[in-house]
Structure formats: structure tokens, C-alpha cells
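S.K.: Just a sequence and a predicted model for now, questions to come.
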Amino acid sequence: MLRKIIHGLALILGVTFISFLLMVWFGPDQTYTLIGKHATASQIAEVRHQLGYDQPFTRRYLDYLVELFTLDLGASNSSGEQVSSILKRTLPISLALMLPGFIIGNLLGIVLGLVAAFRRGTWIDRLITGLSVTGMSISFLIIIIALQVLLSTPYGFNLFPVRGWRVDNLSSYLTYVTVPTLSLIMVTLGYNTRFYRAVFVEESSREHIRTARAFGASPATLMGRHVLKNSLVAVSTRIMFSIPLVVVSGSLLIETYFGIPGIGKVSFDAITSGDQPILKAVVGLTAVMFVLIQIVADFVYRLVDPRIA
């Protein structure tokens, strides 16, 4: 456990250092965004001092680490609102938006992967594999636009709102979350199905599975009790390590396109405006999330497979 913690801290330092280096040296300078292009030298120096741009790189990086580990993330350069307050307000929206598609996409991927592995080499397997590859080859943006036109405009069924997030109860929540959820499912289902099928096919080829099949085990027992149970380490690994990517990366495009005020939309606005406090907080906390997932993964592995020491 101590080795995992040390490795996790090293990973956090490495990720935060590289991301901080890229943001400081290659990121947008917000000085002229805040003060204008015709400011005097003294005005520019004052704004740069307020933003901390005049501090040495090492000092700025150490201050960033302190902010990250104390969760005192400073204030947004654009709005002046505390970054911790922004994250507290936007993170629940992103979770409510992304979790249904994430959960359903993984469950469907597992089911289709089991069916394809059990019917390996048949037309069912080829159909599932073909649809998976097709889904993987279509752009996320194309899927979003197609579903939006089909379900949210007069050119289609016009059943759901085109943009926004005005959620007051379960009914309004389902109204606003349906199209983004379908988009996420269609994008991730192909990748999930291909991955789970490969894992289940490999497990199905093991000796004890062939023995159970020879003794007449039912398909449900064979694929559920044996194949799926023995594949839970790989399945849980994919699910856990996909969480940060889905919450941050997936929400970035969906929230920006649908105008949903979650952490993805805030991150996109921070990228375009050069709001470094928000960018540093999102990148740093994402790295911390990966490390925490690594630690949790060890406990999950022991639960699903007691043979792991």
C-alpha cells in the first residue's frame, strides 16, 4: 500500500508539473484580455502582478501544489468567483448528465460482449462486431448533431429541447438528459463492446470453461458464473479508469454543444479565455482522481478475485 501511495504521489507531481508547464509557457496570456491592448506599461505590470505572472516558475508551481492539496484553488480570473465554488456548482450537473450514459453504455457493452463471445464465429457475433466497428468509426460530433436533428428539431420528432439545462424535477431531468445520454451511449458502446468481447473470448478459451461446456452447463451459468465472474478484474479496471475521462473529456464536448453549465463547459470556457486557475484545478484534480482510483482498484481486485494478494 505504501508503494502505491508513493507511486500515486509521484504520478500527481509528474502530471501536475507537465500540465502546469504547458499552461504557463504555452497557454494563453490573460493580461490583455483583462486590460485591453492599449494599456500603459505600469498598468500591464500591475495586472501581471495580480495574476501572479511576475512570480518565478518554481514559486508559482509550489503555490499551485499547495492550492491543490488544501483545496484552496483561488478565484477565477474571468469572473472572480472562487474556483472551489464553481466546481461545487458544476460537478453535480456533469455527474447527473454523464452517469446514465456511462452506466447504460457499460452494461449494454457487457451484455453484447457476452452474447458475441458465446456465439463466437456466428452471424450474431459478426453482426455485433460489425456494428461496434461502425460505431467506433463515426465522429462523436456527427452522432450528437444527428440525434439532435432527429429528436430535438422540427425536421425530426421535436421531442426534446435543443439546448440548455433547466432541471427542477425528475420529468425535466429526463427531458434534458435523454439526447446527451443517447449520444454518449452510441459513442462508447462500440468501444465497450469490442473490449468486453475480447476479454470474454479470451476467458471462454480457458480449460475450465471448455470443461463446464462439455458437462452441459447452461449458457447463463457458463457466461455469467464462469466467464463474467472470472473477467471482473478487467471489467472493473475499464469501468473505474473510464470515470475521469467520461466526466471531464466526455462532458467537454457534450456540455459545450448543448449549452449545459457543467464542469466540461466551464473547462472549455477557461481554455478559450485563458482562465488558468480553473484549468489548473481541473487538470490537478483529475490527476488526483486517477490516483485515488488506482488505490480503490486494489481493494476492488481483492473483492472480485481473492487470489490477488
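M.R.: It's in.

S.K.: So which residue is smack in the middle of this structure?
M.R.: Closest residue to the average C-alpha location of the chain: Val246 at 1.9 Å, with Cα atoms, centre = their mean.

S.K.: hang on, that one in a helix?
M.R.: Yes: with DSSP: H, G, I helix; E, B strand; the rest coil as the criterion, Val246 is part of a helix.

S.K.: surely it meets Met98?
M.R.: Yes: counting by Cβ atoms under 8 Å, Val246 does reach Met98; the two are 5.4 Å apart. Where you see a C-beta, it was placed from the backbone N, CA and C, and this is true even at glycine.

S.K.: and the gap between Tyr155 and Val162?
M.R.: According to Cβ to Cβ, to the nearest Å, Tyr155 stands 11 Å off from Val162.

S.K.: And those two? Which one has more around it.
M.R.: Val162 (13 against 8; other Cβ atoms under 10 Å).

S.K.: gap between that one and Met223?
M.R.: 41 Å.

S.K.: Look at His208 and say how many residues are nearby.
M.R.: 10.

S.K.: no, scratch that, I was asking about Met289
M.R.: Count around Met289 with other Cβ under 10 Å applied: 14.

S.K.: How about it: what's its closest non-neighbour residue?
M.R.: In space, and not counting its chain neighbours, Met289 is closest to Pro244: 4.7 Å by Cβ to Cβ, 6 or more residues apart in numbering.

S.K.: Test my guess that that neighbour contacts Ile293.
M.R.: Yes: counting by Cβ under 8 Å, Pro244 does reach Ile293; the two are 7.2 Å apart.

S.K.: Model confidence for Gly8, exactly?
M.R.: On the pLDDT scale, Gly8 is placed at 71.

S.K.: Tell me which residues touch it, please.
M.R.: 291-292, 294-295 (Cβ atoms under 8 Å, 6 or more residues apart in numbering).

S.K.: Can you tell me the element it falls in?
M.R.: Using DSSP states H and E, Gly8 sits within helix 2-26.

S.K.: which parts of that helix are buried?
M.R.: 8, 12, 15-16, 19-20, 23-24 (16 or more other Cβ atoms under 10 Å).

S.K.: same deal with stretch 145-159?
M.R.: The neighbour-count check on stretch 145-159 (16+ other Cβ under 10 Å) flags 147-148, 150-152 as buried.
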